[in-house]
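1. Requesting a structural model of the entry that follows:
(chains A and B)
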2 protein chains.
Amino acid sequence: MTGTPRPELVGFQAAVPGFRAGRDTPRDFLERSLERLQRWEPALQAFAALDLAAARAAADDATRRWRSGQPLSTVDGMPVGIKDVIGTADLPTGLGIGVLADHRPPVDAAATAGLRRAGAVVVGKTATTEFAMTHPAPTRNPHDLDRTPGGSSSGSAAATGAGIIPAALGTQAIGSILRPSSFCGVFGYKPSVGSINRGGSHDTQSQSVIGVLAASLPDLWCTAWEIAARVGGDPGAAGLTGDMRPTPATAPSAVVHLETDGWAAVSDVAGERFARTLDTVARAGVRIRHRRNDPAVAELELALRGALDRARTLINIESLWPLEQIAARYPGSLSETLTERMQTAAAVGRDGYRSLLEWRRTARTAYTKAIGEGDLAVTLAAPGPAPRGLAATGDAALTVAATVLGAPALSLPVYEQDGMPVGLQVIGRRDHDAALFGMADWLRQRA
Amino acid sequence: MTGTPRPELVGFQAAVPGFRAGRDTPRDFLERSLERLQRWEPALQAFAALDLAAARAAADDATRRWRSGQPLSTVDGMPVGIKDVIGTADLPTGLGIGVLADHRPPVDAAATAGLRRAGAVVVGKTATTEFAMTHPAPTRNPHDLDRTPGGSSSGSAAATGAGIIPAALGTQAIGSILRPSSFCGVFGYKPSVGSINRGGSHDTQSQSVIGVLAASLPDLWCTAWEIAARVGGDPGAAGLTGDMRPTPATAPSAVVHLETDGWAAVSDVAGERFARTLDTVARAGVRIRHRRNDPAVAELELALRGALDRARTLINIESLWPLEQIAARYPGSLSETLTERMQTAAAVGRDGYRSLLEWRRTARTAYTKAIGEGDLAVTLAAPGPAPRGLAATGDAALTVAATVLGAPALSLPVYEQDGMPVGLQVIGRRDHDAALFGMADWLRQRA
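-> As a prediction, the model looks like this:
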């Protein structure tokens, strides 16, 4: 981005002491956001819809609450973007599908409602790839407008990465939170499957989850926690547990170096930076386990062979409804890529689908065996920086493992290559998300 | 219903040989349905919306297919009703909530789409209680217009029980398929949880399931099977398995007589009829197990103590979204009963919800231990005939067990009291629905 300022993350939790002390207000915070929006958005195209008047009114309400010492939550007054597959009654919910651009559900999705009740200020809907799959949004990468921001939570990553907003909601069924987080240099959080209520969101696939992209670990945690505290997890799931405040930095008992299929594509620079992090971890006295010194890790990597293709088939089958309905009702409304994916998925059949579920169960069992209480799995969130061009959203092979495993994962923007960010990925035990944040913070201070 | 003819069930599978032989056609079948609709509907109020022109066109298409010997499925041309919580793009989806009476989702729900693709003829939307909970629909019982048809699948039960249509979709999160089936004298099928894809249906609670109310066991099975074959089960679930044709009558290895809390309210007549059935079973050489002779059954009944209250709290909490959103956006749109239920549920909190999930897991484990491969659990589907009056939908205590357990269950209209039907309930092992149909048919021939 020659000639444009380097984007900087703008956190909200860091601003909270200012609200408390009366030095700053959510309305002022929002106005600074909107200045950056004005500067960046014409080039970035991170938003599918905006409602600045409603945002300003909500920020004024939050300002009054902070002034009276009665904020609704840790995110009261925080400007947020909502990925455009998550329902909003006041703004369109277009799913990245042109023909649905004006679609409005009768009520807010649970996650949207949770954020609003916590006082968060909805600035707009963030652009998504077509139905949160591969066909790209028009969004660009704030670190280089000629590169993809990644997908499918493209607008959430770009808007947060450009510092326009401190946090945005995303969804991940393959790598749709962690990969764009890595490419746009933001913190990304894919919770354990089931952690955040997906009512009214269109990411209905069995391994999909609503998560957050944000300017810091505390911004990630507070956003997710405040939603779950108000609307819980998916029906039948315990939902996100843990304290309102992020877990303090904690050393893991061991670090599992997870390579998986995607590791073959890792760039020399990113691989070297990652290796240095592992050295630092080892020097801190934490044991590094990998497939060469640990049979359980070897078995896990074996179970994850071919995970990207398998997981794609699995979620494509689960997406046949509603995509077949949209295709039938609005002919020509879906991209060729998506149409072909649906046809391929339909040919797999019910028995093929059941085999994929069985494969996923096996992989999850292998993970439970490989990662003990207090262990942390680490890998990269992407094989290198965001690729040039906007026609494709980059390689998802390194992010699919955590999704298949239903495990919580974070992308930490700690590496750089050619002036572009690359994320370190940390993966925890399923339903131990709070512990993951503590270990991630420990590692972040060392990476 | 003095002066009106006694309702008779009208099956579709029984008509198929006529279509094959060219003696009958789906269009003629539909016209006979519509004659009964004209006669009954003004008093019954079973339908929330109708589209007879579309139904006739669909029946003509099916007629052409049967004539050319190329029907799409075993239910090609079958007139069906769709419970009004299940989405339809061409007809409103009002959820039994007045303010949403004109709501139309952009696409058909998965189950609706599966039925249409199998050639079924959607006659209309069937009336439901408010959000498939307790506040009644205006629907009446075809066996006595002064009695409730039961709920929440009120219109599906009444329309099928009056012989208007051979089958209708329902949903059950407590007893919403089996209880109205018992009250209206139809066959009711609540599949194993996850068996039929709920995409686009508003019954999103974790123990809810889409099922069928129909004129016969083959009508139940074929309807459910043809849907699942096209759109599968819930994301992550194996979905309904088994052959396209219903399992032939098969004796169970043992019969578990399950009483649970609700048994205390069973009427003398119904209890006596049920006891006679058990005698017949025992004379056929099948062992009867109950809590007095089997510790595993005793443990199961203990685990199910208080199930109705607990299950109601559980599904109420899971219904907070979207009900809180509807209440906020459309003030005064919900009944007082529902508003109070929501307030009570909101007060339970996340930890209370997790305790309920834990309780349900314990009950499911107890059931797995109590019911062996080839065993059949039996109880009544209701304590007696439909109560008089339309202000309440009757006692659900006997139906909640199968729902909590996630197990497949059927109501068989084999008993009668005071000229009103009472259903025999049979419950199978989870995900062994086809086997349940075989055992149910065996028992039906003996009850």
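2. I'd like to know how many residues surround residue A:445.
-> When neighbours are defined as other Cβ atoms under 10 Å in any protein chain shown, residue A:445 has 10 of them. Every residue, glycine included, has its C-beta placed from N, CA and C.
3. Quick one: the strands in the stretch 201-350 of chain A, in order.
-> A:209-214, A:254-257, A:287-289 (DSSP state E, counting those that start in this stretch).
4. Over to residue A:395: give its phi and psi.
-> Here is the backbone geometry of residue A:395 (degrees, to the nearest 10): phi -90, psi 120.
5. Would you agree it is in contact with residue A:383?
-> Yes. Counting by Cβ atoms under 8 Å, residue A:395 touches residue A:383, with 5.5 Å between them.
6. okay, and the common contacts of the two?
-> Shared contacts of residue A:395 and residue A:383 (Cβ atoms under 8 Å, 6 or more residues apart in numbering or on different chains): A:262, A:265.
7. just to revisit the earlier point, out of the strands of the stretch 201-350 of chain A, which comes closest to chain B?
-> Closest to chain B of those is strand A:209-214 (Cβ to the nearest Cβ; 12.2 Å).
8. and residue A:421, that's in a helix?
-> No. Looking at residue A:421 with DSSP: H, G, I helix; E, B strand; the rest coil, it is strand, so not inside a helix.
9. so how far is chain B from residue A:392?
-> Distance, residue A:392 to chain B, by Cβ to the nearest Cβ, to the nearest Å: 26 Å.
10. Does that residue belong to a helix, a strand or coil?
-> coil.
11. do you know how far it is from residue B:397?
-> 57 Å (Cβ to Cβ, to the nearest Å).
12. higher neighbour count, those two?
-> When residue A:392 and residue B:397 are compared on other Cβ under 10 Å, the one with more neighbours turns out to be residue B:397, at 22 against 13.
13. buried residues in the helix ranked longest in chain A?
-> In terms of residue count, the longest helix belonging to chain A (DSSP state H) is helix A:336-370. Judged by neighbour count (16 or more other Cβ atoms under 10 Å in any protein chain shown), helix A:336-370 contains these buried residues: A:338, A:341-342, A:345, A:348, A:350, A:353-354, A:356-357, A:359-360, A:363-364, A:366-367, A:370.
14. I'd like the next helix or strand past that helix.
-> strand A:375-380 (DSSP states H and E).
15. Is chain B within reach of the helix or strand that that next one is followed by?
-> For strand A:375-380, the succeeding helix or strand toward the C-terminus, using DSSP H and E, is helix A:400-405. No. Applying Cβ under 8 Å from any Cβ of the partner chain, one finds helix A:400-405 separated from chain B by no less than 12.1 Å.
16. who does helix A:400-405 touch, helix- and strand-wise?
-> Using 3 or more Cβ pairs under 8 Å, 6 or more residues apart in numbering or on different chains; DSSP states H and E as the contact test, the elements touching helix A:400-405 are helix A:307-318, helix A:336-370, strand A:420-427.
17. the inter-axis angle of the first one versus helix A:336-370?
-> Relative orientation of helix A:307-318 versus helix A:336-370 (axes from the mean of the first three to the mean of the last three Cα atoms, to 10 degrees): 120 degrees.
18. Need the residues that contact helix A:307-318.
-> Residues contacting helix A:307-318 (Cβ under 8 Å, 6+ apart): A:173-174, A:204-208, A:260-262, A:341-342, A:344-346, A:348, A:352-353, A:356-357, A:359-360, A:363, A:396-397, A:400-401, A:403-404, B:232, B:235-236.
19. Please identify the buried residues of that helix?
-> So, applying 16+ other Cβ under 10 Å, buried residues of helix A:307-318: A:307-308, A:310-318.
20. where's residue A:54, which helix or strand?
-> helix A:52-67.
21. residue contacts, the residue positioned nearest the centre of chain A?
-> For chain A, the residue nearest the mean C-alpha position is residue A:177 (2.5 Å; Cα atoms, centre = their mean). Going by Cβ under 8 Å, 6+ apart, residue A:177 touches A:153, A:170-171, A:188-190, A:211-213, A:411.
22. how about a cut-off of 6 Å?
-> A:153, A:170, A:188, A:190, A:211 (Cβ atoms under 6 Å, 6 or more residues apart in numbering or on different chains).
23. Then residue A:296?
-> When contacts are counted by Cβ under 6 Å, 6+ apart, residue A:296 touches A:369-370.
24. What separation do you get for it and chain B?
-> Distance, residue A:296 to chain B, by Cβ to the nearest Cβ: 25 Å.
25. Kindly report the same for residue A:328.
-> From residue A:328 to chain B the distance is 8 Å (Cβ to the nearest Cβ).
26. From the structure, what's the count of residues near that residue?
-> Residue A:328 has 15 nearby residues by other Cβ under 10 Å.
27. Quick one: residues contacting residue A:212.
-> A:167, A:189, A:220, A:223-224.
28. Which stretches in the stretch 51-200 of chain A count as strands?
-> Using DSSP E, counting those that start in this stretch, strands in the stretch 51-200 of chain A cover A:79-83, A:121-126, A:167-172, A:187-190.
29. Name the residues that touch the second one?
-> Counting by Cβ under 6 Å, 6+ apart, strand A:121-126 makes contact with A:46-50, A:55, A:58-59, A:79-84, A:91, A:155-156, A:159, A:165, A:168, all of which sit outside it.
30. Surely residue A:282 and residue A:288 touch.
-> Yes. Between residue A:282 and residue A:288 a contact is recorded at 5.4 Å, counting by Cβ atoms under 6 Å.
31. So between these two, which is more surrounded?
-> residue A:288 (15 against 12).
32. Could I get the contacting residues of that one?
-> Residue A:288 neighbours (Cβ under 6 Å, 6+ apart): A:255, A:257, A:278, A:282.
33. got these as CSV, with pLDDT and distance to residue A:118 columns?
-> As requested, the contacts of residue A:288 are exported to CSV (pLDDT from 0 to 100; distance: Cβ to Cβ, whole Å):
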residue, pLDDT, distance to residue A:118
A:255, 98, 34
A:257, 97, 37
A:278, 98, 38
A:282, 97, 41
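34. Could you turn the buried ones of those into a PyMOL selection?
-> Provided next is the PyMOL selection string for whichever of these are buried by 16+ other Cβ under 10 Å:
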select buried, chain A and resi 255+257+278
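35. If we ignore the residues flanking it in sequence, what's nearest residue A:298?
-> residue A:291 (4.0 Å; Cβ to Cβ, 6 or more residues apart in numbering or on different chains).
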